[in-house]
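Engineer: Below is the sequence, then the predicted model.
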Amino acid sequence: HTPESLAAVYCWQYIHCLKLWVAVLSASQKKNDSLDESSSKLGGGAGKDEEANLLRSLVYPLTEIILGVCRLVPTTRYVPLR
């Protein structure tokens, strides 16, 4: 691990980017849950299922990235990231 690569990951811009992706995926899931309830009453919503599945497929890779960032340097200096 070079100091430049650590600085690229442990900067606020990168952390805020991860936070943004978490918010986007969470909001899409909440929206999908509410659409499921309304579409079951009305019928339809096939196009939304494909979009929701694409966004849902990003949850695991994002989780792995976040956990990798937390484990990159396991020192007390980076405790706020954990």
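Structural biologist: Nice, thanks for sending it over.
Engineer: pLDDT wise, what is the residue nearest the centre of the chain at?
Structural biologist: Residue closest to the mean C-alpha point of the chain, counted by C-alpha atoms, centre = their mean, is residue 22 at 3.3 Å. Looking at residue 22, its pLDDT reads 96.
Engineer: Any buried residues in the longest helix belonging to the chain, and which?
Structural biologist: When the chain is scanned for its longest helix (criterion: DSSP state H), the result is helix 12-42. Residues 21, 25, 28, 32, 35 are the ones in helix 12-42 that count as buried (16 or more other C-beta atoms under 10 Å). In this view, the C-beta of every residue, glycine as well, is placed from N, C-alpha and C.
Engineer: do you know how far the fourth one is from residue 55?
Structural biologist: As for residue 32, its distance to residue 55 is 8 Å (criterion: C-beta to C-beta, to the nearest Å).
Engineer: for this structure, which spans come out with low pLDDT?
Structural biologist: Filtered on pLDDT under 70, the chain yields the residue ranges 35-47, 78-82.
Engineer: which of the buried residues of helix 12-42 lies closest to residue 74?
Structural biologist: When the buried residues of helix 12-42 are compared for distance to residue 74 (C-beta to C-beta), residue 21 comes out closest, at 23.1 Å.
Engineer: quick one: contacts for residue 29?
Structural biologist: Each residue near residue 29 by C-beta atoms under 8 Å, 6 or more residues apart in numbering is listed here: 52, 55, 56.
Engineer: What is the neighbour count of residue 55?
Structural biologist: Residue 55 sits with 16 neighbouring residues when counted by other C-beta atoms under 10 Å.
Engineer: helices or strands up against the helix or strand hosting it?
Structural biologist: Taking DSSP states H and E as the criterion, residue 55 maps to helix 46-56. On a contact count with 3 or more C-beta pairs under 8 Å, 6 or more residues apart in numbering; DSSP states H and E, helix 46-56 meets helix 12-42.
Engineer: Would you check the distance separating the helix it packs on from the middle of the chain?
Structural biologist: Taking C-alpha atoms, centre = their mean, to the nearest Å, the mean C-alpha location of helix 12-42 is offset from the chain mean by 9 Å.
Engineer: Quick one: work out the angle between it and helix 46-56.
Structural biologist: Relative orientation of helix 12-42 and helix 46-56, computed by axes from the mean of the first three to the mean of the last three C-alpha atoms, to 10 degrees: 150 degrees.
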